[in-house]
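Student: missing the sequence, but the structure's below:
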């Protein structure tokens, strides 16, 4: 038993506080630390694997995009980007309005705000639909 002037000290890697120091070979604290370290290492490894998976998939040649999807943008569109201060690779947003029969393309400019880039007519027909 510790004297009044001794303060019990607990070491997380060994079960050596004054209360349990009479036990020989007590390592429950050490095993808990090892178990926690192994769990942290496994979680970290899983996080790294998940983070690297998309990069690996993009590098594979089996999922080639069609040529039409990778062709260069027309000069007129690049000129419109410059005029509206929109970087070529900035994100886009597409909005479709069925009743108005329009598709809007919005693009992020250099300030980080989205601006309307272009409106396309959609769902145009020349006759009424059958009943």
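Tutor: Now that the structure is in, tell me what you want to look at. Note that the structure is predicted; figures quoted are calculated from it, not measured. Numbers count the residues shown, from 1 in each chain.
Student: Tell me which stretches of this protein form strands.
Tutor: Taking DSSP state E, the strands of the chain run over residues 92-97, 102-108, 114-121.
Student: okay, these, which one's buried deepest?
Tutor: Most buried of the strands of the chain, by mean neighbour count (mean count of other C-beta atoms under 10 Å): strand 102-108, with a mean of 16. Where C-beta positions appear, they are placed from N, C-alpha and C, glycine not excepted.
Student: List the contacts of stretch 93-110.
Tutor: Outside stretch 93-110, the residues within contact range by C-beta atoms under 8 Å, 6 or more residues apart in numbering are 81, 84-87, 90-92, 114-124.
Student: Show me where this protein has its helices.
Tutor: Using DSSP state H, the helices of the chain run over 28-59, 67-70, 75-83.
Student: Quick one: these as CSV, columns for mean pLDDT and mean neighbour count too.
Tutor: Shown next, in CSV, are the helices of the chain (pLDDT from 0 to 100; neighbours: other C-beta atoms under 10 Å):
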stretch, mean pLDDT, mean neighbour count
helix 28-59, 73, 10
helix 67-70, 86, 7
helix 75-83, 95, 11
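Student: Now tabulate these in CSV and tack on distance to residue 101.
Tutor: Below are those laid out as CSV (distance: least, C-beta to C-beta, whole Å):
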stretch, distance to residue 101
helix 28-59, 36
helix 67-70, 24
helix 75-83, 22
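Student: Please work out which residues outside stretch 81-89 touch it.
Tutor: By C-beta under 8 Å, 6+ apart, the residues outside stretch 81-89 that reach it are 73, 78, 80, 107, 108, 109, 110, 111, 115, 117.
Student: What is the neighbour count of the residue nearest to the second one when sequence neighbours are not counted?
Tutor: Spatial nearest neighbour of residue 78, chain neighbours left out: residue 88 (7.0 Å); criterion: C-beta to C-beta, 6 or more residues apart in numbering. Close neighbours of residue 88, defined as other C-beta atoms under 10 Å, add up to 10.
Student: Thanks again, I'm all set now.
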